[in-house]
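Colleague: Fold the following and give me the result.
(2 chains)
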Amino acid sequence: MEKRFDPSSYEKKWQERWSEGEFFMAEAPSSKPSFCIMIPPPNVTGNLHAGHALQTTIQDLLTRWKRMCGYNALWLPGTDHAGIATQLMVERQLIQEGTDRQSLGRERFLERAWEWTRQHSGHIRSQLDRLGASCDWSRERFTLDELLSKAVRAAFVSLYREGLIARGEYMVNWSPGLETAISDLEVEMRAVAGKLYHIAYPVEGSDERIVVATTRPETMLGDTAVAMHPQDDRYAHLRGGKAILPLVGRQLAFITDEAVELEFGTGLVKVTPAHDLTDFEMGQRHDLESLQVIDRKGRMTAEAGAEFAGLDRFVARERVVQMLQEQGYLVKVEDYAHNVGHCQRSGVPVEPMISTQWFMDVEGMAGQALEAVASGDLRLVPDSWNKTWDHWLENIRPWCISRQLWWGHQIPAWYTPSGEVFVAASREEAAELAGTDEITQDPDVLDTWFSSALWPFSTLGWPEDSADFRTFYPTDVLVTGFDIIFFWVARMVMTGLHFTGCTPFHAVHLTGLIRDADGQKMSKTRGNTVDPMELVEEYGADAVRFTLAILDSPGRDIPLDLDRMAGYRSFGNKIWNAVRFSLSRVGRATVQESLEVAELAAPERWILSRLSKTAKEVNEKFAEYRFDEACQRLYHFFWGELCDWYIELSKPALAGDSPRPQVGEVLLTVLDRSLRLLHPVMPYLTEELWQRLPGREEIHPATICLAPYPVAEVAWEDPATEGRMEVFFQIVAWARNLRAEIGVPPRDKATLFLDSADAEMLSFLGDLEAMAIPLLRLDELRLESPPTDAHSDVVAGVAVGLVIPEREMSAEDRERLVGEREKLLEQRERTQDLLANEAFLAKAPDKVVEQNRLRLEEIRDRLERLEAGLAGDGPGVS
RNA sequence: GGGAGGUUAGCUCAGUGGAAGAGCACCUGCCUUACACGCAGGGGGUCGUGGGUUCAAAUCCCUCACCUCCCA
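Modeller: Residues are numbered from 1 along each chain as shown, chains lettered A, B, ... in the order given. Alright, predicted model coming up:
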């Protein structure tokens, strides 16, 4: 076996073999229970980032675990067409070529977009493959596939016919950057250091001037009223009168409306129904005229007046302010920090605008989604998200689902020349409904998230009653970042409940955000992003996966620490060498399916007992989505118990110095199960090493991917042996510590004395003689009371003594012992006080009282030895 | 303004009522033929502040401070 541990020497090999085989293909139908995860589809033309690597790791871990547990496991991969993102990329390409989408035309633009998509479509797969993702690629899906498009049309038509989707003229969030409407979720509030302009409006037929305050003076050009709160007595005299709009001269009625805040500015506000949501609603209540003064590109319209028409809205603002100033209407300007909605994608301030769009009424579905979490049908992990979930769904508003884009699912609505609308799954059907062939399809496309919302079932063939749908739906768990809990998760739950009558998954594991080592958010602008493929290159996929999994503690962001990743690569090296060593020493031994523990010596019984408990715990932790704790346990078991203790203890037996029954068999069997336990997290390394274990082909499938996942072996659990071995380990630690503290050169041999009133314990320790001697570099082990010239102490009830020839107690030794005595005295006092406390004796559980009694006893024993050592001339006590 | 989370060893984080843990970093000694991506040993924390409940609090309750994020 190669001495060098080098992940690159085997990771690609297994990646290729796995993809040749059909290990990851799920069956439908199947006699086995199903387990299904739908990948959150990455953007088809995108790149995997660190967050994807985390989610991929978790999803693959779960899928591999369940597959090994005997489930018909499906992890369905796929990509999203990502309407805006992809369209922007193609448009950028066109601009470089000196053209644009308008001059290309819709059809040719879409051809280009498909070409672009095809060019990139293999990229995501190759990255997932490299991470070891065990997806079923025979079921790969793309949101614009015909299969999914059919589902999108079916869902749209159904919702339309139920009256839950409708077209209407409302105020929407308009992105002048993208020139499309966007949903509330795509608006990002940003703190802006703006100004508050106080503007005087003359009152008609009076010398009085009222003052209104606004952060957006350019919208005054579209004002059609002035509003006050109905209980505001300050302006009662103005009711029924009119104000005159400066610069324009239009008459503005005074209206009263509850929406006006008494405390804001003077209490009088300008009303611009076409460019502010509150004003729009007031406009509807009071039947106000609505004047659109800003267009789709964010420029002033002709309605704004000849002086402003065509100006950018921010240029117009300066101009309006300047003119107000010149004409004496500007009362004052204050600095004003406020939040302004920005288009998440383009970064441009959103322009509230009245426009005709398709809206989906989600209130009823939101109620069902609320109920699903409240009743426990759907579990959010961690459940600290429940409140956020409730709050959002309780305040949900209609979802604007139409986008003025070309790349996406074109809305399945057709119009007759007279403007009548027919919604149908196909043009033919629409024509039939319309009774004419002269129909044109709505040019808009659906919000990308509309098709994503159907992902868990559209990918399985819904609305057809397919074998896949019957086998895998509802799916089991969704693994995704909390940042898309509303964009995606809530909407999948809503549509799932609506169309399929159940939540599309039973649990949602929400991962934290990957941050850099300093805890900073990763972003392209900061330049601190990490390319997971580079990490894989440097550390190996297994180390990347192990690091991400062990750092994934619930509800917390993950600072990606590369030192730590290097540490887990070392763990791979450790595993490699443990197997290499074992294979070179076990002779003809083979992996066993089961072992009869009664015939085994203590170290074998101990490691098998520990293995059983580890298997039990790892299964439990996986089931609880505590991947961090599961990995912690695996790491500690393999390194801290198997390597540090068991392999060391088995060396004398393997060398034939002190044979024990079935040492090789036990070692190989423990390795077999350990590798299987580790496989979901470290698939490559475990497969590579597992293949080399002699005898495993007799009892297992050809790949570790399909081998059974280890569970607890109750017959192997042996608490008594574990307890005694623990005493032995403590004694070894005591002796090692002593040797190191007093600086005994490693070559110097010593004699260990052990004595105990517990005869069984003593004989147990005596049986470990052959192991204690090399571990502690002893001349001999003697089961008798330590002589006076020994360094002695009491460890776990056993009197221990170490005699190191030709050494006298130095000043440092004495000093150390005095320090030790101080500590013991302090502890004795504390424990004595506690045991003298009647309330404690009365109320604390017996177990705790007993624990403290034993503690006190041991402290006294140790003090006694220590005092004796300090008093005598010998090496003393430690 | 509303909500969520955080504050534990130099760093990044586990730990939810009974004497403070991990990885990395650090110090000391070791190339003990599986592994220097290693072995052994060690130092290091009044568990943010103030109060309360309890025989017993990092852990439960309240106050305050600071940090992060989400929503309006």
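
Colleague: And the most centrally placed residue in chain A, how far from residue A:851?
Modeller: The residue lying closest to the centre of chain A (C-alpha atoms, centre = their mean) is residue A:511, at 1.5 Å. According to C-beta to C-beta, to the nearest Å, residue A:511 stands 40 Å off from residue A:851. C-beta here means a position set from N, CA and C on the backbone, and glycine is covered the same way.

Colleague: Provide a list of residues in contact with residue A:719.
Modeller: With contact set as C-beta atoms under 8 Å, 6 or more residues apart in numbering, residue A:719 has these partners: residue A:609.

Colleague: Please, where are all the helices along the stretch 351-500 of chain A?
Modeller: Taking DSSP state H, counting those that start in this stretch, the helices of the stretch 351-500 of chain A run over residues A:363-375, A:386-394, A:427-434, A:448-453, A:455-458, A:467-472, A:491-500.

Colleague: now the fifth one: how far from the chain's centre is it?
Modeller: The chain centroid and the centroid of helix A:455-458 are separated by 21 Å under C-alpha atoms, centre = their mean, to the nearest Å.

Colleague: Could you export that helix as CSV, CA atoms only?
Modeller: Written as CSV, here are the backbone C-alpha positions of helix A:455-458 (Å, rounded to 0.1, in the frame of the first residue of the first chain):
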residue,chain,number,x,y,z
TRP,A,455,-39.9,21.9,-8.1
PRO,A,456,-40.5,19.1,-5.5
PHE,A,457,-43.3,17.6,-7.6
SER,A,458,-42.9,19.0,-11.1
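
Colleague: Can you name the residues in contact with it?
Modeller: With C-beta under 8 Å, 6+ apart as the test, helix A:455-458 has contacts from A:38, A:41, A:78, A:141, A:143, A:147-148, A:151-152, A:451, A:469, A:473-475, A:478, A:492, A:496, A:499-500, A:504-505.

Colleague: how about the helices in the stretch 651-800 of chain A?
Modeller: A:663-678, A:683-690, A:696-699, A:719-741, A:759-767, A:769-776.

Colleague: Looks to me like residue A:835 is in a strand.
Modeller: No: counting by DSSP: H, G, I helix; E, B strand; the rest coil, residue A:835 is not part of a strand but helix.

Colleague: I'd like the distance between the residue nearest to residue A:528 when sequence neighbours are not counted and residue A:560.
Modeller: Distances taken as C-beta to C-beta, 6 or more residues apart in numbering put residue A:516 closest to residue A:528, at 4.5 Å, once the chain neighbours are dropped. Computed as C-beta to C-beta, the residue A:516 to residue A:560 distance reads 6 Å.

Colleague: What of residue A:222?
Modeller: Remark: distance between residue A:222 and residue A:560 (C-beta to C-beta) = 49 Å.

Colleague: Looking at these two, which one has more neighbours?
Modeller: Neighbour count, other C-beta atoms under 10 Å: between residue A:222 and residue A:560, residue A:222 has more, with 27 against 24.

Colleague: for the more buried one, what are its contacts?
Modeller: Residue A:222 neighbours (C-beta under 8 Å, 6+ apart): A:272, A:273, A:274, A:275, A:290, A:291, A:292, A:293, A:294, A:303, A:304.

Colleague: And residue A:368, by the same measure?
Modeller: Contact analysis of residue A:368 by C-beta under 8 Å, 6+ apart lists A:494, A:497, A:498.

Colleague: Name the nearest residue to the last one, sequence neighbours excluded.
Modeller: Take residue A:498 and drop its neighbours on the chain: the residue closest to it by C-beta to C-beta, 6+ apart is residue A:365, 5.1 Å away.

Colleague: swap in the first one?
Modeller: If you skip the residues right next to it in sequence, residue A:494 has residue A:365 as its closest partner in space, 3.7 Å away by C-beta to C-beta, 6+ apart.

Colleague: Tell me, how many residues neighbour the one you found?
Modeller: Residue A:365, neighbours per other C-beta under 10 Å, totals 24.

Colleague: Surely it touches residue A:492?
Modeller: No: with contacts counted by C-beta atoms under 8 Å, residue A:365 stays clear of residue A:492, the gap being 10.9 Å.

Colleague: Write down the beta-bridge partners of residue A:352, one by one.
Modeller: residue A:173 (DSSP bridges).

Colleague: Report the contact partners of residue A:309.
Modeller: A:300, A:301, A:302.

Colleague: Pull out the buried members of the residues you listed.
Modeller: The neighbour count (16 or more other C-beta atoms under 10 Å) marks A:300, A:301 as buried among the contacts of residue A:309.

Colleague: residue ranges with poor pLDDT in the stretch 551-700 of chain A?
Modeller: For the stretch 551-700 of chain A, applying pLDDT under 70 flags no range at all.

Colleague: Can you name the residues of it that neighbour RNA strand B?
Modeller: Residues of the stretch 551-700 of chain A found near RNA strand B (C-beta under 7 Å from any atom of the strand) are A:551, A:553, A:555-557, A:559, A:561, A:563-564, A:567, A:569-570, A:572-574, A:577-578, A:580-581, A:584, A:628-629, A:632, A:635, A:639-640, A:643-644, A:647-648, A:651.

Colleague: related to what we said a few turns ago, pull up the overlap in contacts between residue A:516 and residue A:560.
Modeller: residue A:530.

Colleague: now residue A:226: how far from residue A:435?
Modeller: 50 Å.

Colleague: More neighbours: the two, which one.
Modeller: Neighbour count, other C-beta under 10 Å: between residue A:226 and residue A:435, residue A:226 has more, with 24 against 10.

Colleague: Name the helix or strand for the more buried one, please.
Modeller: If you go by DSSP states H and E, residue A:226 is part of strand A:225-228.

Colleague: go on, residue A:548?
Modeller: If you go by DSSP H and E, residue A:548 is part of helix A:541-551.

Colleague: and what of residue A:510?
Modeller: Here residue A:510 is assigned to strand A:507-511, by DSSP H and E.

Colleague: my guess is the residue nearest to the centre of chain A contacts residue A:483, does it?
Modeller: No: Residue A:511 is beyond contact range of residue A:483, at 9.8 Å (criterion: C-beta under 8 Å).

Colleague: Wait, a strand at residue A:801?
Modeller: Yes: per three-state DSSP, residue A:801 lies within a strand segment.

Colleague: can you give me phi and psi for the closest residue to it other than its chain neighbours?
Modeller: Nearest residue to residue A:801, sequence neighbours excluded (C-beta to C-beta, 6+ apart): residue A:786, at 2.2 Å. Dihedral pair for residue A:786: phi -60, psi 140, per degrees, to the nearest 10.

Colleague: returning to that earlier point: bridge partners for the residue nearest to the centre of chain A, pull those for me.
Modeller: residue A:481.

Colleague: what's the spacing between it and residue A:485?
Modeller: 11 Å.

Colleague: mind listing what's buried in the helix or strand containing residue A:147?
Modeller: Using DSSP H and E, residue A:147 falls within helix A:146-161. By neighbour count with 16+ other C-beta under 10 Å, helix A:146-161 contains the buried residues A:148-160.

Colleague: From RNA strand B, how far off is residue A:168?
Modeller: Separation of residue A:168 from RNA strand B (C-beta to the nearest atom of the strand, to the nearest Å): 21 Å.

Colleague: Help me confirm that that residue is found in a strand?
Modeller: Yes: looking at residue A:168 with three-state DSSP, it is inside a strand.

Colleague: For it, give me its contacts.
Modeller: So residue A:168 contacts A:356, A:357, A:359 (C-beta under 8 Å, 6+ apart).
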